[in-house]
Structure formats: C-alpha cells, structure tokens
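Student: After the sequence you'll find the predicted model.
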Amino acid sequence: MSMGFRVFERGWQPVPDLVEQFRNLPVANISDVMGRLNAGGDRLRPHHDRTYLCGQALTVKTRPGDNLMVHHALDIVRAGEVIVVDAGGDTTNAIVGEFMVSHAMRAGAAGVVIDGAIRDVGAIRAGSFPVYAAGVTHRGPYKDGPGELNVAVSVGGMVVNPGDIIVGDEDGLLAIALADAEEVLQAALLKQKAEQQQWERIHAGTNDRRWVGEALRKGGCTFVSRSEP
C-alpha cells in the first residue's frame, strides 16, 4: 500500500431521500441547531448562481496544486454526490476549471467543493452547477499525485467524512454526519417554522423585544444619564 496515494472503496450508504429533505433549508438554520460549531470557513464561497448545494460527500485529499486524484473522482462519482476536495487551502494553482465542471455535471454530481482555487470562473458563474472554492487563478494544475480518495478531509477548517451530507447556500457550507442527519433535520425544520412565526410577528409589529433589556440587566449593564451641557 502506497501511503498518501490510495483510493478507498465507499464505506457508506447513499441516503437520497434523507438528503433531499435538507434541500433549500437555510444553512444558517442548520448551523444554529448544530450548536454553531461547524463551518466550511468564510473563504469557501459560491462561484455559481444561487442554486442550493445538497448531496453526499465523495472526499478527495490532494497535494496543493495537483488534481490527478480529482480527475479520478470525476471518473467514479455517482449521481447526487458532492466532490469535496482538500487541496490544503492553497490558491496558487487552479484545481478545477470549466472542462472538469462539465464532466462532473454530465456524471450527475451534485456539486464541487474545492479548498483551493478554480479557474474559468466566468463560465462557472454563468451556470447553475454548484461550485464552491477558496479562490480564483488562471494558473493551471499539475497531474502527478499523490492523493487519497474516500478519506476524512478538512475544508476551510471543517472536517468532512466520506458520505457526510453537504449543504451550501450563499452563507456558506456545512457538513452533517450521517449518524446525526435525522436529528439535525428535525431540529432544522422546527427552527425554520419558529423563524417563519417570528417574521409574521415582526411584520405585524407584535414581536417581543423585552429579552434585550433583560439580557443587559442580567449581564450587569449600567445605564448612565448625562446632564445637558
């Protein structure tokens, strides 16, 4: 076995029905019910239109600036999977461009996440295929390896395991462990319902804001009056 240059078989089951229930839930709401502990970092930004990203992670760990293992991921990706690439956050060389994104689309992938750079961003921005990346550069990649596929990776400081459910909108990315997904889903749905009720109170002018003053008093805030000059 060549350490650092390995392709592991999938060790997780696809759960398309569960994944689909997350679609279009605000990522901020999901993040809140997960304790606000996980995030894909503020550098991983969408470079497509506003299409929501939702699918299970096919993970890739590669040497910065090299995309050989990403090409192999394109050859084996299954419909509904998100290719999640840990390229070390380096933006010196682009890991994917328009051609590779087209391959991913034709394979039925749900999207691409690159903790590294992309190029051909004009074409990517004109499309609806979800692409998140840490940066943009015209400089192309190398294709030598090494790299690993279907291993735990880190993108933007967020650990992603193979098969995790990946969601993304304009606020950023989030990975949800399969073992937690059902619980997270139910909590996020309740959160969304509560927020809708709050919106209705705001528009009706009946939203209760007393909690602000109570929090200030509880924290020991001092209110100081000033005399007129």
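Tutor: That came in fine, so what should we check first?

Student: now stretch 131-150: mean pLDDT?
Tutor: Averaging pLDDT along stretch 131-150 yields 97.

Student: which helices and strands does the longest strand seen in the chain pack with?
Tutor: Longest strand in the chain by number of residues (criterion: DSSP state E): strand 53-62. Packing partners of strand 53-62 (3 or more Cβ pairs under 8 Å, 6 or more residues apart in numbering; DSSP states H and E): helix 16-22, helix 68-76, strand 81-86, strand 111-118, strand 147-149, strand 153-155, strand 165-169. Placement of C-beta: from N, CA and C, glycine included.

Student: Swap in 6 Å and give it another go.
Tutor: In terms of contacts (3 or more Cβ pairs under 6 Å, 6 or more residues apart in numbering; DSSP states H and E), strand 53-62 is packed against helix 68-76, strand 81-86, strand 147-149, strand 165-169.

Student: any idea how far that strand is from the chain center?
Tutor: In this view, strand 53-62 has its centroid 9 Å away from the chain centroid, taken as Cα atoms, centre = their mean, to the nearest Å.

Student: quick check: mean pLDDT across the helix or strand M105 falls within?
Tutor: In this assignment (DSSP states H and E), M105 forms part of helix 98-106. Taken as a whole, helix 98-106 has a mean pLDDT of 98.

Student: most neighbours per residue, which of the helices and strands packed on strand 53-62?
Tutor: strand 81-86 (a mean of 27; mean count of other Cβ atoms under 10 Å).
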